[in-house]
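Enquirer: Pasted the sequence and its predicted model underneath.
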Amino acid sequence: MVKMILILSLILSGLGLNAQEKTIDEWELPRTARDFISKNFSEQKIVRLTRDDKRNDKEYEAVLNNAVKIEFDRLGYWKEVDGNDNAIPTQFIPSKIMGYITENYPSGKIEKIEKNRNRYKVELLNGLELKFDSKGKFLKLDD
């Protein structure tokens, strides 16, 4: 009986965590995020927007009609752009990172980019993963 109660409580707590993510309307997305999408993905339409409130912070996620997924922080600044096996636009990527990729992987198309406080991680369509510091200096290659 104790096992059954434990399993049930774990299931219910897991459901509670998922309940923190909710679908939102476009006007609920921070202006910074809306501007980012309209500037860099003007040809695409938003098909799903969610806000995750499970932490003390809010995070947002937009999925576009071309399968691109964009994650934003609470202020609407991008944290991750994932093309889901397709190349993404690059005009928002720091010029130092783009310069390195253009010079060393001239035919390399970017599929995904993630940024956090002190690093960028870039995945190319050919499967290579490049890491850069917060200033865009190349750190290492993972393949």
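Expert: Arrived safely, thanks for sending. Numbers count the residues shown, from 1 in each chain.

Enquirer: which residues of the chain score low on pLDDT?
Expert: Within the chain, the stretches with pLDDT under 70 are 1-19, 55, 143.

Enquirer: ok, now which ones touch the residue most central in space within the chain?
Expert: By Cα atoms, centre = their mean, the chain has its centre lying nearest to Glu80, at 2.3 Å. The contact partners of Glu80, by Cβ atoms under 8 Å, 6 or more residues apart in numbering, come to 69-71, 112-115. All C-beta spots, glycine's among them, are computed from the backbone N, C-alpha and C.

Enquirer: Doesn't Thr32 lie inside a strand?
Expert: No: secondary structure of Thr32, determined by DSSP: H, G, I helix; E, B strand; the rest coil: helix, with no strand assignment.

Enquirer: that older thread, let me know the helix or strand that the residue nearest to the centre of the chain is in.
Expert: According to DSSP states H and E, Glu80 maps onto strand 78-82.

Enquirer: Quickly list the domain ranges of this structure.
Expert: The chain breaks down into these domains under automatic domain parsing: 20-82, 87-143.

Enquirer: related to what we said a few turns ago, show me what counts as buried in the strand holding Glu80.
Expert: For strand 78-82, a neighbour-count test (16 or more other Cβ atoms under 10 Å) marks 78, 81-82 as buried.

Enquirer: do the same with stretch 51-64
Expert: 51-52, 58-64.

Enquirer: Send over it as CSV, restricted to the C-alpha atoms.
Expert: Written as CSV, here are the backbone C-alpha positions of stretch 51-64 (Å, rounded to 0.1, in the frame of the first residue of the first chain):
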residue,chain,number,x,y,z
ARG,A,51,5.1,30.2,-21.0
ASP,A,52,6.8,28.1,-18.4
ASP,A,53,6.2,29.4,-14.8
LYS,A,54,7.6,26.4,-12.9
ARG,A,55,10.6,28.3,-11.5
ASN,A,56,10.8,31.7,-9.9
ASP,A,57,11.4,32.9,-13.4
LYS,A,58,9.3,32.8,-16.6
GLU,A,59,10.6,31.4,-19.9
TYR,A,60,8.8,31.4,-23.2
GLU,A,61,8.9,29.1,-26.2
ALA,A,62,7.7,29.9,-29.7
VAL,A,63,7.3,27.2,-32.5
LEU,A,64,7.0,28.5,-36.0
